[in-house]
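Participant: how would this look folded up:
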Amino acid sequence: YDELRNKVGNFTHRSLSFLFKNFPEGIDAKAFQTAASSPELIKIREKIAKTTALLDGIQPVKALSEILLLGQAANEFFQTAAPWKKIKESREATEILLAESVLYIAAFGALLEPFVPSIAGKIRANLGLGMDSLLPAYRGQAGALLKPFEQGLKLPKEPEVALPQIDLDLIKKWKETLKG
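Facilitator: A predicted model of the protein is given here:
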């Protein structure tokens, strides 16, 4: 859980919080059109294809490992792109960077469904999407990832944490209570 929270949850919340704070009007469709030809989308498509092939081959542990690798790539992308710096130079370039981040997040919202459906649902809800809008991507049609964003994206509300920190002291206390 910690690795999933650190690689996927942290990226998702950081990206969407930055988007919500700095682009309350949302991201224009043009930013997603530009993101459609980015190297980041190629990485996402490759991981979706690999993950769905592993799931089809009944290799869920390897499939989840691919999702974690995608989370690592997303974090590295966001950290290297540094939107907090880029926004001072160009809002348009930052908007494209955030569109790329949203595509990573949408991929997580689809790919995590068979593993942790409630978390996948929270990720999609943060984007204002239902599973039906990402079902083709979930089934391996990575190109369908862009479809929900043809009109752009305005977050429906302030993003919620999809993978909260687990209070280990509370878990210990519950274990002790359940023993007695």
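Participant: can you give me the helices for this protein?
Facilitator: 2-4, 10-22, 29-35, 39-56, 60-81, 83-89, 91-111, 117-127, 131-138, 168-179 (DSSP state H).
Participant: out of the ones you listed, which gets nearest to Gln151?
Facilitator: Of all the helices of the chain, helix 29-35 sits nearest to Gln151, with 5.6 Å by C-beta to C-beta. Every C-beta, even on glycine, is put in place using the N, C-alpha and C of the backbone.
Participant: buried ones in the closest one?
Facilitator: 31-32, 34-35 (16 or more other C-beta atoms under 10 Å).
Participant: what of stretch 89-106?
Facilitator: Going by 16+ other C-beta under 10 Å, stretch 89-106 has these buried residues: 94-106.
Participant: so what does Pro156 look like in phi/psi?
Facilitator: phi -70, psi -20 (degrees, to the nearest 10).
Participant: just the one 3 residues further on next, same as before
Facilitator: Dihedral pair for Pro159: phi -60, psi 140, per degrees, to the nearest 10.
Participant: let me see the contact set for it.
Facilitator: 12-13, 16-17, 20, 126 (C-beta atoms under 8 Å, 6 or more residues apart in numbering).
Participant: between all of the residues you listed, which two are separated the most?
Facilitator: Counting by C-beta to C-beta, the most remote pair of the contacts of Pro159 is Thr12 and Phe20, 12.1 Å apart.
Participant: who's more crowded, those two?
Facilitator: Remark: of Thr12 and Phe20, Thr12 carries more neighbours, 28 against 17, as counted by other C-beta atoms under 10 Å.
Participant: do I have it right that that one meets Ala106?
Facilitator: No. In this structure, Thr12 is not within contact of Ala106 by C-beta atoms under 8 Å, at 10.2 Å.
Participant: perfect, that will be all.
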